[in-house]
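# only geometry, no sequence info:
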Ligand SMILES: NC(=O)C1=CN([C@@H]2O[C@H](COP(=O)(O)OP(=O)(O)OC[C@H]3O[C@@H](n4cnc5c(N)ncnc54)[C@H](O)[C@@H]3O)[C@@H](O)[C@H]2O)C=CC1
Ligand SMILES: CCCCCC(=O)/C=C/[C@H]1[C@H](O)CC(=O)[C@@H]1CCCCCCC(=O)O
């Protein structure tokens with residue numbers, strides 16, 4: 001069973017029909033919802049719990065690019081604040097000490113959050129924030145004992161609308177970006193989905209940060225963690 005949300009109602013409804021005809025009407029749900037708004041997101045999580053009984057897997061995927069005002073502010077609202085909101089709501093619903101059954105939260109960051117990214121600094125900052133949020137919660141002892149795992153996927157360029165829409169609003173030099181994309185290459189959506197599914201299945205990878213790139217392949221990154229006493 002799956003529920004997904006998006007601000008794009010038309011595309012969401014089309015995807016919902018496809019999922020329902022493949023997996024059955026009662027197994028897929030779509031809600032138009034803006035991840036940057038608290039109340040609609042709270043309502044959505046409640047509705048999923050009421051409809052499906054519990055939440056096992058939550059993926060915070062919504063993301064945009066924007067480097068000039070007011071878009072840079074919206075980029076922080078959607079990417080960093082939206083992912084933080086979705087992560088905290090997922091935790092509330094999943095943690096065993098609050099009536100949940102445990103589960104896994106997978107957040108979508110970017111290679112731009114792992115590496116220096118001079119052509120999209122605000123986007124990059126939001127994606128670095130998502131990595132820090134997710135890893136920190138994954139290492140929190142109360143979250144661990146409440147049965148919730150967290151991971152981050154950091155794709156480099158992927159064949160979606162986002163990279164077809166690189167322009168002067170979301171990139172500081174579009175020409176340089178095109179050359180950079182040519183050099184790094186573009187990975188397929190299927191590679192990112194495989195990486196996501198591996199993290200869902202592997203209970204021993206709590207806190208892992210995984211980069212998927214055409215040039216470098218799929219890599220588990222190694223970041224030192226000092227134990228907090
Ligand atoms: N395409 C790429 O090269 C890469 C993408 N990513 C990340 O992957 C994730 C998915 O992006 P793509 O599929 O590539 O782009 P996309 O533009 O095709 O999809 C993003 C989706 O997010 C939705 N969305 C935007 N703002 C929203 C909001 N406030 N509330 C709810 N939904 C909202 C859009 O309507 C769209 O359907 C994003 O977080 C992006 O930053 C990461 C690395 C590379
Ligand atoms: C210096 C890179 C600039 C790339 C162009 C840009 O402004 C942003 C592109 C992002 C796209 O909209 C979604 C992303 O996540 C892209 C950045 C991906 C960065 C890949 C870095 C690859 C690496 O360092 O291995």
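Ah, there it is. Just so you know, these numbers come straight off a predicted model, no measurement behind them. Ligands and ions are numbered 1, 2, ... in the order given.
# Can you give me the pLDDT of the residue of the chain found nearest ligand 1?
As assessed by CB to the nearest ligand atom, ligand 1 sits closest to residue 63 within the chain, at 2.2 Å. Glycine gets a C-beta too; all of them are placed from N, C-alpha and C. In this prediction, residue 63 carries a pLDDT score of 98.
# Where does it sit: helix, strand or coil?
coil (DSSP: H, G, I helix; E, B strand; the rest coil).
# can you pull the buried residues of the longest helix along the chain?
Longest helix of the chain, by residue count under DSSP state H: helix 121-138. Going by neighbour count (16 or more other CB atoms under 10 Å), the buried part of helix 121-138 is 122-131, 133-135, 137-138.
# Check stretch 147-158 too.
By neighbour count on 16+ other CB under 10 Å, the buried set for stretch 147-158 is 148, 149, 150, 151, 152, 153, 154, 155, 156, 157, 158.
# Show me those residues that map onto strands.
148, 149, 150, 151, 152, 153, 154, 155 (DSSP state E).
# Would you check that my belief about the third one contacting residue 208 is correct?
Looking back up the chat, that one is residue 150. No: counting by CB atoms under 8 Å, residue 208 is not a contact partner of residue 150; they are 9.3 Å apart.
# For ligand 1, tell me which of the buried residues of stretch 147-158 show up nearby.
155, 157, 158 (CB under 6 Å from any ligand atom).
# near ligand 2 too, which of the residues you listed?
Answer for those near ligand 2 (CB under 6 Å from any ligand atom): residue 157.
# quick one: which of the ones next to ligand 1 among the buried residues of stretch 147-158 is nearest ligand 2?
Taking CB to the nearest ligand atom as the measure, ligand 2 sits nearest to residue 157 out of these, at 5.5 Å.
# Need phi/psi at that closest one.
Dihedral angles of residue 157 (phi, psi; degrees, to the nearest 10) stand at phi -70, psi 130.
# just checking, it touches residue 166?
No: in this structure, residue 157 sits apart from residue 166 without contact. The criterion is CB under 8 Å, and the distance is 9.6 Å.
# what about stretch 31-50, near ligand 1?
Yes: Stretch 31-50 lies within reach of ligand 1 by CB under 6 Å from any ligand atom, at 34, 35, 36.
# Give me the three-state assignment for residue 68.
coil.
# pLDDT score assigned to the spatially closest residue to it that is not a sequence neighbour?
Beyond its immediate neighbours in the sequence, the residue positioned closest to residue 68 (CB to CB, 6 or more residues apart in numbering) is residue 169, lying 5.7 Å away. In the predicted model, residue 169 carries a pLDDT score of 98.
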